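Asker: The sequence isn't on hand, but the structure is:
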């Protein structure tokens, strides 16, 4: 009986030691959980969740969640902030936004969650009835966004010969035409282009383009040929035979812009009649070699025989024409600017019309009347 006591004592000691060790481990576990298992609220671009974490800082927490921040992304509180439990970590991704407001285009970067918030941040306040390409409550995407704001604006539209003035919220030229029920032909032109954004007070236009083919009769100018004649003075001509224009029948393609011919192209042609050239005789004789006879004597009396004189008293040349009389007999410029032959030619015309009395003193002196 006395031998059993030590054995019982040893077993109890082992059991008590195990209990102490287990208790120590249990207590250690409770301390660990209380220190490192923290409840954190995370707001990721408007999506809010609560998670437990062992992370000691915001940066460790984001890394634990697999969140990699871009250079322009925003996080609050700062990544180096220590977590004590109960915090809200807010992450706002940078979002590219192409913004078009009444035709004005800009490239923006925003951190807002919705379209409405982004407009507020950028100071854009759409007018009553404005057309928006995205709904105000729509969330912005991370891969780029395009937002078109078209406020009510007055524009003018020219189409089919009429001008229309109206107010529209249509963002593009194509939208305006659809709104107005304007249908385009295959070749029609629009200004600005269909995809262009409409600006306030802008003038819009539709040009109707039509391609037509028709048959026309076209004239072909006749040539002029010359035969030299040494008996005629240089510069004088005489018709030997009259010419005549030719005529062709042509197939013509026309490009019409609002009914006006913009381009014309002859596709084919066939002759109706050939042109006949005009034949002229032309003088080769030097005008200054003329033997003026009575006209030389008259010029000698009037101007001392100087055919290029300008007396300064309103009379010119060898025969002392006035400018008005010279023009009356078909002369151009002033008499003294022309050759002796030309002055004699005009003198003969004047003499035939009004007689030698046009040179009263000299004609009487020469016995011409």
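Answerer: Alright, I've got the coordinates. Source: prediction; values computed, not measured.

Asker: and residue 135, what are its phi and psi?
Answerer: phi -70, psi 150 (degrees, to the nearest 10).

Asker: Would you confirm that it contacts residue 115?
Answerer: Yes. In terms of CB atoms under 8 Å, residue 135 counts as a neighbour of residue 115; the distance is 6.7 Å. Using the backbone N, CA and C atoms, a C-beta is placed for each residue, glycine as well.

Asker: Pick out whichever of the two has more residues nearby.
Answerer: residue 115 (22 against 10; other CB atoms under 10 Å).

Asker: Just grab the bridge partners of residue 248 for me.
Answerer: residue 218, residue 271 (DSSP bridges).

Asker: That one: what's it in contact with?
Answerer: 217, 218, 220, 269, 270, 271, 272 (CB atoms under 8 Å, 6 or more residues apart in numbering).

Asker: Quick check: it vs residue 239, distance?
Answerer: Remark: distance between residue 248 and residue 239 (CB to CB, to the nearest Å) = 26 Å.

Asker: what's downstream of the helix or strand of the chain with the lowest mean pLDDT, the next helix or strand?
Answerer: Counting by mean pLDDT, DSSP states H and E, the chain has its least confident helix or strand at helix 4-36, which shows a mean of 37. Per DSSP states H and E, the first helix or strand lying C-terminal to helix 4-36 is strand 38-44.

Asker: Can you list the strands that that next one pairs with?
Answerer: Sheet partners assigned to strand 38-44 using DSSP bridges are listed as strand 47-53 (antiparallel), strand 88-92 (parallel).

Asker: Tell me which of those strands lies nearest to residue 334.
Answerer: Minimum separation from residue 334 across these (CB to CB) falls at strand 88-92, 91.1 Å.

Asker: mind checking how far that closest one is from the chain centre?
Answerer: 48 Å (CA atoms, centre = their mean, to the nearest Å).

Asker: cool, stretch 115-128 as well?
Answerer: Per CA atoms, centre = their mean, the centroid offset for stretch 115-128 relative to its chain is 31 Å.

Asker: gap between residue 190 and residue 198?
Answerer: 12 Å.

Asker: my bad, residue 278
Answerer: Applying CB to CB, the value for residue 278 to residue 198 is 61 Å.

Asker: quick one: which of those two has more around it?
Answerer: Of the pair residue 278 and residue 198, residue 198 is the one with more neighbours under other CB under 10 Å, namely 21 against 16.

Asker: how about stretch 118-127: buried residues?
Answerer: Residues of stretch 118-127 classed as buried by neighbour count (16 or more other CB atoms under 10 Å): 118, 119, 122, 124, 126.

Asker: What is the end-to-end distance of it?
Answerer: 16 Å (CA to CA, to the nearest Å).

Asker: contacting residues around that stretch?
Answerer: 95, 97, 99, 101, 108, 110, 112, 132, 136, 140, 147, 149, 151-152.

Asker: Generate a PyMOL selection restricted to the buried subset of those residues.
Answerer: Those of the contacts of stretch 118-127 that count as buried under 16+ other CB under 10 Å are selected in PyMOL with:
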select buried, resi 95+97+99+101+110+112+132+140+147+149+151
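
Asker: The contacts of stretch 118-127 into CSV, with extra columns for distance to residue 184, pLDDT and secondary structure?
Answerer: Below are the contacts of stretch 118-127 laid out as CSV (distance: CB to CB, whole Å; pLDDT from 0 to 100; DSSP: H, G, I helix; E, B strand; the rest coil):
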residue, distance to residue 184, pLDDT, secondary structure
95, 37, 97, strand
97, 32, 98, strand
99, 29, 98, strand
101, 27, 98, strand
108, 34, 97, strand
110, 37, 98, strand
112, 39, 97, coil
132, 26, 97, strand
136, 33, 97, coil
140, 35, 97, coil
147, 28, 98, strand
149, 26, 98, strand
151, 26, 98, coil
152, 25, 98, coil
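
Asker: out of the contacts of stretch 118-127, which one sits closest to residue 179?
Answerer: The closest of the contacts of stretch 118-127, once distances to residue 179 are taken by CB to CB, is residue 152, at 12.4 Å.
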